[in-house]
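Participant: Sequence first, predicted coordinates after that:
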Amino acid sequence: MTMHGMRGLSVFISDVRNCQNKDQERLRIDKELGNVRNRFKNEKGLTPYEKKKYVWKMLYIYMLGYDVDFGHMKAVSLISAPKYPEKQVGYIVTSCLLNENHDFLRLAINTVRNDIIGRNETFQCLALTMVGNIGGREFAESLAPDVQKLLLSSSCRPLVRKKAALCLLRLYRKNPDIVNVDGWADRMAQLLDERDLGVLTSSMSLLVALVSNNHEAYWSCLPKCVKILERLARNQDVPQEYTYYGIPSPWLQVKTMRVLQYFPTIEDPYTRRTLFEVLQRILMGTDVVKNVNKNNASHAVLFEALALVMHLDAEKEMMSQCVALLGKFIAVREPNIRYLGLENMTRMLMVTDVQEIIKRHQAQIITSLKDPDVSIRRRALDLLYGMCDVTNAKDIVEELLQYLSSADFTMREELSLKAAILAEKFAPDLSWYVDVILQLIDKAGDFISDDIWFRVVQFVTNNDDLQTYAAAKVKEYLDKPAVHETMVKVSAYILGEYSHLLARRPGCSPKEIFSLLHEKLPTVSTTTIPILLSAYAKILMHIHPPDQELQSQIWAIFNKYESCIDAEIQQRAVEYLALCQRGAPLMDILAEMPKFPERKSSLIKRAEYSEADTAEQSAIKLRSQQQTSNALVVTDQHPANGATSPISVGELSLVKVPSMITSENDTSTDLSQQNGALSNVDTQPPSADLLSDILGPLAIEGPPGATVQSEHNAISGLEGGSDAVDGSAIVPVEEQTNTVQPIGNVAERFHALCLKDSGVLYEDPYIQIGIKAEWRGHHGRLVLFLGNKNTAPVVSVQAIILTPAHLKMELSLVPDTIPPRAQVQCPLEVVNLRPSRDVAVLDFSYKFGTNMVNVKLRLPAVLNKFLQPIQVTAEEFFSQWRSLSGPPLKLQEVVRGVKPMPLPEMANLLNSFRIMICPGLDPNPNNLVASTTFYSESMRAILCLVRIETDPADRTQLRMTLASGDPTLTFELKEFIKEQLISIPTAPREAAPAPAAAQPTPQIPPNDPAAILAGLLS
Amino acid sequence: MGIRFILMVNKQGQTRLAQYYEWLTLEERRALEGEIVRKCLARNEQQCSFVEHRNYKIVYRRYASLFFLVGVDNDENELAILEFIHLLVETMDRHFGNVCELDIMFHLEKAHFMLEEMVMNGSIVETSKANILSPIQLMEKAS
């Protein structure tokens, strides 16, 4: 019975081979499966030889892609056969057919163990191999010590030990704890003294896995690896059998260099010098030779050496040597070398600072983008993507665009995604970005995912100066004869929102825009029609005076789609028709879309996602995680309030910042004292109470794993609080270090910003903080403009928002450094949860030269920002006024100490706070009636009504009545208006007559119901 | 992981040997083999030996009518794998004497034995042809 002797198997294979078509093959296979199944049923008559034959048949059938759902037990049972040939088949076929979770495997675990600890080394090899290939956790737990023993045993022959090494690798992957034994790392280092290159080859694979998880434990292996590498590179004591085309085992050389890439650095000067000599020899001594195999093998070593040099961040000279080599490679004829040249250049971008040298090869790389080989084109695309920065973005993106029309379909999606990301990341100006995206849609519309056009819409919406340009641009595209549907979508959206900005241009009247869009309607799918309908509704809304003809045309379209079978289309048609017919006030719903919250590009997220790999972390990836990628440095700065601070800010939001009451000049003290409104509220010594208030939540709920930075937050938060009690919103953290004086009056700036939406919040000799805000409903979007006024960088920038409980605030990343004369923009999202007069504080610090500056600035995210003026009719007003009959929903108070002002001025003041005067509702000309809507997340929109009765004889007092559907809102708004009437922000000092006797400021914690009640009863 | 699978496929796309080092279901294997065979067999001599597929790479080499396809992780040293294929072929050559598709087909078990000696758990165990072949030779002597 020889190896060649399985005649039945040969006949079967030959039969299958001779099958003319798939059907015949299927028939033949089915027949054979039936046969094998039958034979297995009658186990008695089966000789070991037959068993072996049938099991091989099963494997063959399985290999051809047919399911073999029986006989697995037969294969497993062969493992226990006493003779080698059967046992061997059992092991091999089992490891092909079963996976590690298969129950049958568990049955074999004892046999396997007996083979491993037995004396028969061929059996040992078989068992180790199978466990190495499919052993699971159970094997790891029961076999690891035995396998370790074999690997380290001096009496064991290399043929067993090399298998033990890789078997252990498998077990280690299943359960990393198996190497947590004392002295394991030392034994691993000893293992590297091995002379047998087979044992070394497999041990090196084991070591790669070990060091990739924890290099710290294996420092002692490092010099040994260098020694092995040196031995191979110098071809010392390398048996002929391990020399491949004259090169001492290229595979072991590669693996050894791979191990070295997991150590961050090599400190020992001797080892370092030896290694660099070896590397230098490889870099310089690798010549191109005629023999393909020799050439490949030597270049395999060379590329690994390049990777190691990059990793070690060698001297500049060696690095430029590497780039020069790669530059040579990307231009050679040999496609493999070209491919690898591009690939390694891309890796080089990730790990070291050689971008400028690589840029010199840009032309050659662009040529590779047109290589006949798609693999090479891919590499070129990746490299161009990686090396792109502000300086070459225009060139590269334009190349990509140009290439797009000729690129093969498999690459177009990736190509357009990458072009879109680069255009976004490095756009010198936003109109260029819009151009690029529109070109992309025009050239490769089918490959443009929705993300891409959503993103351009976001940009256009968020940038006012871009809107006219984008509208004009999409109109140009629409004028072309054939327009891709994605273009119709983006055009319809943009023209719907912004085509009124073009109205004066020729060919851009609402009517013309409408017909331009409408002629596309018959060609588009049902997903686009809703966008078109929205555009029509918006166009209609922008026409002043209304165009009857266009209106009836559009209404007719809505009418038509009212019964459309597509639910989305139908709903829009019905709603738009109803809205249009309601007339002007309700058309507000169709007003311009609000700005989008600043978010990370979903494109970039997607690109990152697609790079996710299931494999073990590679050395390069590990490195690039530790180090910011060079490709990103150009735009992304290290965030100062990075990963940890959102958490700490969240914790800090428990701190109450009562800065509204403790405004700079203490006018509110005067006020509350003078008008006596709050005087029967128990006044507490604020400092102690506030401190406990501030300390309380921090002490208890401070983040347990808080870093040093968040501790700092906590401290500054505390100081901010106690300082606020002293009555100053801007305070130095430590008097002696804060020598920088602000320019202008910080409090005045704040008050001004309460009334308007953009301006300067803070300025000192080094820095200026501007603010631009937009408010919509209970949402706000502020942008902080941090401008460095000097020619040196401002460093250690930290911005922490101390959020009062009624707001939700999220500050985007603030860079650690602001370059000279640069301005960075940090968006800040605000959500209003509840009515409250508490104010958010920006705790801002930076270092300039030796000056450490820390300021705490109130942010103008104040109550009136969440108001929307609303005009109500007399009927609406009075019915509401009557239904809110008394406290706590309706409150009345006589206010004294009002700054005298004529009635129209007071009306203007209220209007400026978005509380809208409703003239004519009150018959008394000395009274004002006003209304507004307050927006918060918890209550949505609530109507608020105000009545102010003044006494023409004494303008320093008035009676104010406030009504709303929410008691807290009524109270807070009343207090808010009172504050404004008494202390006129633009001239605060005049407004405050000196108090006769100082009394502590009454504090009403916003959430304390008792206090609120007390206030209401007054 | 290193090597994820080794496939030997003829130019008609029929699988002659398949060895996986990560568990895939039969359906996954069929789909994968179909996809990569289509991709690799369409390529010509002037193109490089590396094809990117999903999140890994195929390093392949053609010998007469037979393609050797090795699936590896993205960060594997491609040229080392390419020459490893050649080492495998030379080893088979040494045993069969000018190995051809039929040798592998009709001696599937031997091809598997050799592969077992060379790769384990996705890593290279042995690169000395003599060491790789010695168990087979022992077995043949014994029988």
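Facilitator: Arrived safely, thanks for sending.
Participant: Report the secondary structure state of A:Arg781.
Facilitator: The three-state assignment at A:Arg781 reads strand, by DSSP: H, G, I helix; E, B strand; the rest coil.
Participant: Could you report the neighbour count for it?
Facilitator: By the criterion of other C-beta atoms under 10 Å in any protein chain shown, A:Arg781 has 19 neighbours. The C-beta positions use only the backbone N, C-alpha and C, and glycine is treated the same way.
Participant: so what's it closest to, chain neighbours aside?
Facilitator: Excluding the flanking residues, the one nearest A:Arg781 by C-beta to C-beta, 6 or more residues apart in numbering or on different chains is A:Glu774, at 5.0 Å.
Participant: Parallel or antiparallel, which strands does the helix or strand in which the one you found is found pair with?
Facilitator: Here A:Glu774, judged by DSSP states H and E, is contained in strand A:767-776. The sheet places strand A:767-776 alongside strand A:758-763 (antiparallel), strand A:779-788 (antiparallel), with pairing taken from DSSP bridges.
Participant: if we can go back for a sec, how much space is there between the residue nearest to A:Arg781 and A:Lys756?
Facilitator: According to C-beta to C-beta, to the nearest Å, A:Glu774 and A:Lys756 sit 12 Å apart.
Participant: what about these two, which has more around it?
Facilitator: More crowded of A:Glu774 and A:Lys756, by other C-beta under 10 Å: A:Glu774, with 15 against 11.
Participant: can you tell me which residues contact that one?
Facilitator: The contact partners of A:Glu774, taken as C-beta atoms under 8 Å, 6 or more residues apart in numbering or on different chains, are A:Pro594, A:Lys595, A:Asp757, A:Gly780, A:Arg781, A:Leu782.
Participant: Nearest to A:Ser142, out of those residues: which one, please.
Facilitator: Within these, the smallest distance to A:Ser142 is 60.6 Å, found for A:Arg781 (C-beta to C-beta).
Participant: how much space is there between the closest one and A:Gln825?
Facilitator: 12 Å.
Participant: which residues are in contact with both of those two?
Facilitator: Joint contacts of A:Arg781 and A:Gln825 (C-beta under 8 Å, 6+ apart) do not exist.
Participant: I'd like to know how many residues surround residue 66.
Facilitator: Chain wasn't specified; assuming chain A. Applying other C-beta under 10 Å, we find 18 residues neighbouring A:Tyr66.
Participant: looking at chain B here, not the other one
Facilitator: By other C-beta under 10 Å, 21 other residues sit near B:Leu66.
Participant: May I have the beta-bridge partners of it?
Facilitator: Bridge pairing for B:Leu66 (DSSP bridges) gives the partners B:Asn10, B:Tyr63.
Participant: residues contacting it?
Facilitator: B:Leu66 touches B:Met8, B:Val9, B:Asn10, B:Lys11, B:Arg16, B:Cys100, B:Glu101, B:Ile104, counting by C-beta under 8 Å, 6+ apart.
Participant: Buried ones among those?
Facilitator: The neighbour count (16 or more other C-beta atoms under 10 Å in any protein chain shown) marks B:Met8, B:Val9, B:Asn10, B:Arg16, B:Glu101, B:Ile104 as buried among the contacts of B:Leu66.
Participant: Pipe those into TSV and attach pLDDT and distance to B:Asp93 per row.
Facilitator: TSV is the format used below for the buried ones among the contacts of B:Leu66 (pLDDT from 0 to 100; distance: C-beta to C-beta, whole Å):
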residue	pLDDT	distance to B:Asp93
B:Met8	95	14
B:Val9	94	19
B:Asn10	92	18
B:Arg16	93	16
B:Glu101	92	13
B:Ile104	92	12
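Participant: Pick out the most distant pair among those.
Facilitator: Maximum pairwise distance among these (C-beta to C-beta): 10.7 Å, between B:Val9 and B:Ile104.
Participant: any residues in contact with both of those two?
Facilitator: Contact criterion C-beta under 8 Å, 6+ apart; residues shared by B:Val9 and B:Ile104: B:Arg16, B:Leu66.
Participant: List the buried residues of stretch A:780-799.
Facilitator: The neighbour-count criterion (16+ other C-beta under 10 Å) identifies A:780-789, A:793-794, A:797-799 as the buried residues of stretch A:780-799.
Participant: what's the farthest-apart pair in these?
Facilitator: A:Gly780 and A:Pro793 (30.4 Å).
Participant: follow-up on the earlier one: adding mean pLDDT and distance to A:Ser153 as columns, could you present the strands paired with strand A:767-776 in JSON lines?
Facilitator: Below are the strands paired with strand A:767-776 laid out as JSON lines (pLDDT from 0 to 100; distance: least, C-beta to C-beta, whole Å):
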{"stretch": "strand A:758-763", "mean pLDDT": "88", "distance to A:Ser153": "73"}
{"stretch": "strand A:779-788", "mean pLDDT": "87", "distance to A:Ser153": "66"}
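Participant: got the ones you listed as JSON lines, with distance to A:Gly496 columns?
Facilitator: Below are these laid out as JSON lines (distance: least, C-beta to C-beta, whole Å):
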{"stretch": "strand A:758-763", "distance to A:Gly496": "27"}
{"stretch": "strand A:779-788", "distance to A:Gly496": "22"}
